[in-house]
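Engineer: Sequence below, structure please.
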Amino acid sequence: MKPKIFLLTTGGTIAGAAAKSDALTGYRAGAVGAAELLAAVPALSEVARIASEEIAAIDSKDMTEAIWLRLAARVEAVLDAGAAGVVITHGTDTLEETAYFLHLTVKSEKPVVLTGAMRPATALSADGPLNIFDAVRLAASPAAHGQGVLVTLNGDIHSARDMEKVHTTAVQAFASPDVGVLGRMEEGAPRFRRRVLTRHTAASEFDLAGVTELPYVPILYGHAGADDRLAAAAVRGGAAGIVHAGAGNGSIAEAVLPTLAAAAAAGLPVVRASRTGAGAVLFAEDAYRMAGFIDADTLPPAKARILLALALLKTRERAEVQRMFHEY
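Structural biologist: Next up is the predicted model:
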């Protein structure tokens, strides 16, 4: 019997519609329903039994943590009910964030695969149908078990831990900068060439039971000429933790450092990430170590924010939060 794969839709470009077939921008995201998406890929019936459900119909720039919580609960429910895997269609703008949130919170070894598209469903040479086909084939494959949450677009297979959107409009818009892809879809099947060593999914310590919202964690962006006004506003505004997207190796400007150091001394977790897009953040300056900042390891700022918010559901102890950043 063919495996049962559950398709959950959230909108995005992959479900977008434009007035003309040559319009690649200016379309309405989330305009196409699950039935239309599936109708564009009739060969899916040869691969799996498909069930579908709409979770949201939004432009992914408008993704919310409330939808994340609902999505995570629904993924676990359908997997517990017997689905062999889950495919989630998603807008590309925040796809990496949703994928990483699920990577940390879904307690299953079964495949959870996200996909999207850079061209709307109405476009000439739309990339969505093949991406959906690949996502279903990946979710139906025994080789995908235990790999954590996966993302596939344009034949590449990425780990949710490592992938980022690296181009505004190109079809090949995603990469895993530090470590490369996990593998590729080849002749209709996944071929993995590496595995993820960080903790995830069934091995994760994070539990969403009873959680109705996540702690407020803003991101501050380092730049030439920065002062402490935004950092001070974040502290006054009730931030439970702060991620600073610093230049280079997570550098923090001298004008900003005292405010963030004071916040850390008062028990507010402050994570140093980097705006560069690749590489681990290391403790290069004694001032950062003395201030008690937490390094983001190789997580980019948006993912560091997610991990910090989940960590704060468990603890505010600096050493424990730092451990999590090195394990996840």
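Engineer: what residues are up against V271?
Structural biologist: Going by Cβ atoms under 8 Å, 6 or more residues apart in numbering, V271 touches G241, I242, V243, H244, F293, I294, D295, A296, A304, L308, V321, F325. C-beta coordinates here come from the backbone N, C-alpha and C atoms, glycine included.
Engineer: Is it correct that K314 is in contact with E205?
Structural biologist: Yes: if you go by Cβ atoms under 8 Å, K314 and E205 touch, sitting 7.3 Å apart.
Engineer: out of the contacts of V271, who's nearest V171?
Structural biologist: Proximity of the contacts of V271 to V171 was ranked by Cβ to Cβ; the top entry is A304 with 27.8 Å.
Engineer: count of neighbours near that closest one?
Structural biologist: If you count neighbours by other Cβ atoms under 10 Å, A304 ends up with 28.
Engineer: Can you tell me the element it falls in?
Structural biologist: helix 301-311 (DSSP states H and E).
Engineer: which helices and strands sit right next to that helix?
Structural biologist: helix 95-105, strand 219-221, strand 242-246, strand 270-274, helix 318-327 (3 or more Cβ pairs under 8 Å, 6 or more residues apart in numbering; DSSP states H and E).
Engineer: which other residues reach the second one?
Structural biologist: Right, the one you point to is strand 219-221. Contacts with strand 219-221, where a contact means Cβ under 8 Å, 6+ apart, come from 230-231, 234, 242-245, 256, 273, 275, 301-302, 305.
Engineer: possible to save those residues as CSV with neighbour count?
Structural biologist: Rendered in CSV, the data for the contacts of strand 219-221 read as follows (neighbours: other Cβ atoms under 10 Å):
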residue, neighbour count
L230, 16
A231, 26
A234, 24
I242, 26
V243, 30
H244, 30
A245, 22
V256, 21
A273, 28
R275, 17
P301, 21
A302, 17
R305, 24
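Engineer: Can you name the next helix or strand after the lowest-mean-pLDDT helix or strand in the chain?
Structural biologist: Averaged element by element with mean pLDDT, DSSP states H and E, the chain has its least confident helix or strand at helix 34-39 (a mean of 82). Using DSSP H and E, the helix or strand that follows helix 34-39 in sequence is strand 49-58.
Engineer: For that following strand, what does the pLDDT average out to?
Structural biologist: Throughout strand 49-58, pLDDT has a mean value of 95.
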